[in-house]
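Asks: Could you work out the structure for the sequence below:
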Amino acid sequence: MATLADVARHAGVSTATASRIINGSPKPVTEELRARVLAAVAELRYVPNAHAQMLARSHRNAVGVIVHDVSDPYFAEITRGLQRVATANGRLVIICNSFRDPAREMEYIDLLHAHQVAAIVIAGSGYLDSTAASELDDRMRAFEATGGRIAVIGRHQHPGDAVLPDNEEGGFLAGAHLFELGHRTVAVIAGPSSLTTTVDRLAGLQRAADQFGGTLQVSHADFTRDGGEAATTEILAGDPEVTAIAALNDSMAVGALAAMRTAGRRLSIIGFDDMPIARDVTPALTSVRLPLTELGERAMTMALDGAATDEPRVEHVPAELILRESTWPLAQPGG
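Replies: Reported below is the predicted structural model:
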């Protein structure tokens with residue numbers, strides 16, 4: 001098992017410098033030194049002894065949460081669950097918005113590490129870019145090596161504790177519903193192509209298209225209302241054969257409804273996540289439900305659980321189709 005001295009030797013720094021960086025000392029060091037030490041921690045799989053970990057944890061009363069944007073209703077609901085569990089455990093919560101920037105996420109992990117938080121929950125989607133995902137994983141491992149705990153929501157490269165919403169099955173449920181209603185060409189308003197959440201939901205839709213003999217036409221947009229509205233405006237202007245839209249989150253679906261009203265068009269539309277607003281728009285939005293608050297509760301419970309095991313714990317959370325008024329059977333010729 002690697003020692004602190006091994007890490008210092010491997011990084012070419014003094015043991016005191018390695019200790020300060022690993023333990024998040026406020027004493028400033030250069031980014032180059034920090035990167036070398038954290039890389040050595042990851043490469044040597046350095047883990048402090050159990051007694052040192054207990055001492056480190058004993059005074060950590062804060063936890064960190066990294067989301068893409070807490071003003072997004074999706075992350076607001078997840079954060080509600082995270083805070084509920086943290087508060088019940090007497091912990092303060094530091095919320096960090098990364099705005100889907102991997103470099104910013106790494107900076108926040110380092111910041112939370114330096115503040116010696118007890119745990120970090122990564123609530124945003126993982127990234128497909130292997131370099132960014134690997135660098136994030138290195139930062140997470142370095143934090144864990146000093147006694148911190150990490151849990152993620154969604155599919156990430158980091159092989160640790162995770163709560164996994166079934167995005168792929170949810171995509172299949174959305175696609176199968178539309179194809180069973182008789183729609184043959186479905187326009188998909190997907191989120192950014194760099195996110196694992198987008199890819200997984202698209203994979204489920206494609207599985208449904210293959211099974212039912214349908215066709216998907218995919219457009220990528222921001223996971224926002226305005227992104228959904230802009231994408232739908234282009235869809236309506238470009239392809240008259242499209243009779244249904246699958247938006248990969250409810251915010252984009254709300255924007256799509258606005259674009260259809262402006263254009264005077266009426267297409268079936270399904271959203272994803274089943275956020276509270278889905279029940280209040282007109283027509284009420286058919287959506288794939290994920291228990292967002294529960295996702296947050298499960299992740300924070302896992303992060304604060306003192307009974308850690310050697311093997312990563314993974315909890316799968318199923319998706320559910322919620323039928324409302326925004327989807328209907330396609331009228332068949334002669335019908």
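Asks: quick one: contacts for residue 137?
Replies: The contact partners of residue 137, by Cβ atoms under 8 Å, 6 or more residues apart in numbering, come to 42, 156-158. Glycine gets a C-beta too; all of them are placed from N, C-alpha and C.
Asks: Among these, give me the pair with the biggest separation.
Replies: Pairwise distances across the contacts of residue 137 peak at 15.5 Å for 42 and 156 (criterion: Cβ to Cβ).
Asks: circling back: tell me the one of the contacts of residue 137 nearest residue 262?
Replies: Nearest to residue 262 among the contacts of residue 137 is residue 156, at 38.2 Å by Cβ to Cβ.
Asks: So what's the residue count around that closest one?
Replies: 21 (other Cβ atoms under 10 Å).
Asks: Surely it and residue 128 touch.
Replies: No. Look at residue 156 against residue 128 with Cβ atoms under 8 Å: they stay out of range, at 11.0 Å.
Asks: what's the overlap in contacts for the two?
Replies: The contact lists of residue 156 and residue 128 share residue 196, where a contact means Cβ under 8 Å, 6+ apart.
Asks: Any buried residues in the strand or helix carrying residue 271, and which?
Replies: Using DSSP states H and E, residue 271 maps to strand 268-273. For strand 268-273, a neighbour-count test (16 or more other Cβ atoms under 10 Å) marks 268-273 as buried.
Asks: helices or strands next to that strand in the packing?
Replies: Counting by 3 or more Cβ pairs under 8 Å, 6 or more residues apart in numbering; DSSP states H and E, the packing neighbours recorded for strand 268-273 are helix 167-180, strand 244-247, helix 250-263, strand 286-289.
Asks: helices and strands around the second one, which ones?
Replies: Packed against strand 244-247 by the contact rule (3+ Cβ pairs under 8 Å, 6+ apart) you find helix 167-180, strand 185-190, helix 225-238, helix 250-263, strand 268-273.
Asks: any idea of the mean pLDDT in that strand?
Replies: Here strand 244-247 scores 98 as its mean pLDDT.
Asks: list the contacts for the residue lying closest to residue 159 once chain neighbours are set aside?
Replies: Of all residues not flanking residue 159 in the chain, residue 312 sits nearest, at 5.6 Å (Cβ to Cβ, 6 or more residues apart in numbering). Shown in contact with residue 312 (Cβ under 8 Å, 6+ apart): 159-162.
Asks: Now which of those would you call buried?
Replies: If we count by 16+ other Cβ under 10 Å, those have these buried: 160-162.
Asks: out of those residues, which one sits closest to residue 206?
Replies: Using Cβ to Cβ, residue 162 comes nearest to residue 206 of the buried ones among the contacts of residue 312, at 23.8 Å.
Asks: Looks like that closest one contacts residue 140 (just checking).
Replies: No. Distance between residue 162 and residue 140: 11.5 Å, which falls outside the contact criterion (Cβ under 8 Å).
Asks: Surely residue 236 touches residue 265?
Replies: Yes. Look at residue 236 against residue 265 with Cβ under 8 Å: they come within range, at 5.5 Å.
Asks: quick one: which of those two has more around it?
Replies: Higher neighbour count among residue 236 and residue 265: residue 236, with 20 against 13, using other Cβ under 10 Å.
Asks: Chain neighbours aside, what residue packs nearest to that one?
Replies: Once flanking residues are discounted, residue 236 sits nearest to residue 263: 4.9 Å by Cβ to Cβ, 6+ apart.
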